[in-house]
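[1] quick one, what's the 3D model for this:
(one chain, ligands or ions: 1)
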Amino acid sequence: MDNQFLRTLKKITGITPLEIEPQALHLCDTHYNLLVEENRKFNLTSVTGPVEAAEKHFLDSFLLLPDLAHLKNPKVLDVGSGAGFPGLPLKICRTDLDMTLLDAVGKKTAFIEMVIKKLKLKQARALQARAEDHAVKYREYYDMAVSRAVAEMKVLLELTLPLVRMGGKAVISKGPGAYEELAAAENALKILGGLVGGVRELVLPISGDKRAVIVIEKVAPTPEKYPRRPGIPRKRPL
Ligand code: SAM
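    Below you'll find the model as predicted:
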């Protein structure tokens, strides 16, 4: 039977410089099938069509792979992972990652945990917690925080940078408007100890949607008072 998801994913990754093992693409297919199945029971994502999901969930997540290329066995945190994006596709491609997928909503972390078990991924875990609370125990613990579609940049910086070690990075995937969000985040960057390391602009091959992968380097320790209490970063952004 024709597998439109896998066929599309192979095709669109094949035209990028990313070198993704065929076995990894098959594991993504299993993740996708579980997503479609569970999405019938409760809403995990609005993007479920095979072509759309291949491009907007999986290829989109792979766009962060170059940022991990120079790191061996890094501790990575996906903040607000939802149905596992971008963290699970990254872990599938890079089995050496020590990956923690964090989300405030239990049904989402239960789904991620189910995928981890089905794919037999080692050194991967889903945690139900708010990033603000997770930072109490895991302050400056991670080599890298990744995040997609969780909050405006200045809010997201407060949810990610306190969890990243000095010299580590927050790598954030954004759609159009990334530069405006970055400009508005100048104060947050200064306070939290971040510096813009680079912005990679990309265009998705099927939809033509624009993406910007923003790399924030942690160049100074984050003051102890950040992150503030759950909900405050969003209510009163820096
Ligand atoms: N990153 C996924 C993706 O791109 O498909 C999910 C995006 S979804 C729009 C945003 C997710 O962030 C939700 O699942 C929500 O529960 C989670 N979230 C929002 N604020 C959070 C916080 N402070 N701590 C942990 N998770 C949070």
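[2] touching the ligand at all, the helix ranked longest in the chain?
    Identified as the longest helix of the chain according to DSSP state H is helix 22-39. No: applying C-beta under 6 Å from any ligand atom, one finds helix 22-39 out of contact with the ligand, separated by at least 10.1 Å. Placement of C-beta: from N, CA and C, glycine included.
[3] show me which positions of the helix or strand following that helix end up buried.
    Counting by DSSP states H and E, the element after helix 22-39 in chain order, helix or strand, is helix 50-53. By neighbour count on 16 or more other C-beta atoms under 10 Å, the buried set for helix 50-53 is 50, 51, 53.
[4] just the pLDDT for the second one.
    Model confidence at residue 51, given as pLDDT, is 97.
[5] so what's it closest to, chain neighbours aside?
    Nearest non-adjacent residue to residue 51, counting by C-beta to C-beta, 6 or more residues apart in numbering: residue 8, 5.0 Å away.
[6] residues near the one you found, how many?
    Using other C-beta atoms under 10 Å, residue 8 has 21 neighbouring residues.
[7] any idea of the angle whichever strand or helix holds it forms with helix 22-39?
    Per DSSP H and E: residue 8 is located in helix 4-14. Relative orientation of helix 4-14 and helix 22-39, computed by axes from the mean of the first three to the mean of the last three C-alpha atoms, to 10 degrees: 140 degrees.
[8] what's helix 4-14 packed up against?
    helix 22-39, helix 50-53 (3 or more C-beta pairs under 8 Å, 6 or more residues apart in numbering; DSSP states H and E).
[9] is any residue of the next helix or strand after the shortest one near the ligand?
    Proceeding N to C from helix 50-53, the next assigned helix or strand is helix 60-62, under DSSP H and E. No: interface with the ligand: helix 60-62 contributes nothing (C-beta under 6 Å from any ligand atom), its closest point being 7.9 Å away.
[10] what values do phi and psi take at the closest residue to residue 134 other than its chain neighbours?
    Counting by C-beta to C-beta, 6+ apart, the nearest residue to residue 134 once its immediate chain neighbours are dropped is residue 102, at 5.9 Å. Phi and psi for residue 102, reported as degrees, to the nearest 10, are phi -110, psi 130.
[11] could the helices and strands packed on helix 4-14 go into CSV alongside distance to residue 141?
    Conversion of the helices and strands packed on helix 4-14 to CSV gives the following (distance: least, C-beta to C-beta, whole Å):
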stretch, distance to residue 141
helix 22-39, 26
helix 50-53, 31
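[12] how about those helices, which one is nearest residue 87?
    Taking C-beta to C-beta, helix 22-39 is the member of the helices and strands packed on helix 4-14 nearest to residue 87, at 10.9 Å.
[13] to residue 96, which of the helices and strands packed on helix 4-14 lies closest?
    Proximity to residue 96 (C-beta to C-beta) singles out helix 22-39 among the helices and strands packed on helix 4-14, at 12.9 Å.
[14] show residues contacting the closest one.
    Residues outside helix 22-39 that contact it (C-beta atoms under 8 Å, 6 or more residues apart in numbering) are 3, 5-6, 9-10, 13, 44-45, 48, 50, 53-54, 57-58, 83-84, 88-89, 92-93, 111, 114-115, 118-119.
[15] got the buried residues for stretch 135-143?
    By 16+ other C-beta under 10 Å, the buried positions in stretch 135-143 come out as 135, 138, 139, 140, 141, 142, 143.
[16] mind checking how far the second one is from the ligand?
    Translated: residue 138. 13 Å (C-beta to the nearest ligand atom, to the nearest Å).
[17] for that residue, what are its contacts?
    Going by C-beta under 8 Å, 6+ apart, residue 138 touches 77, 163.
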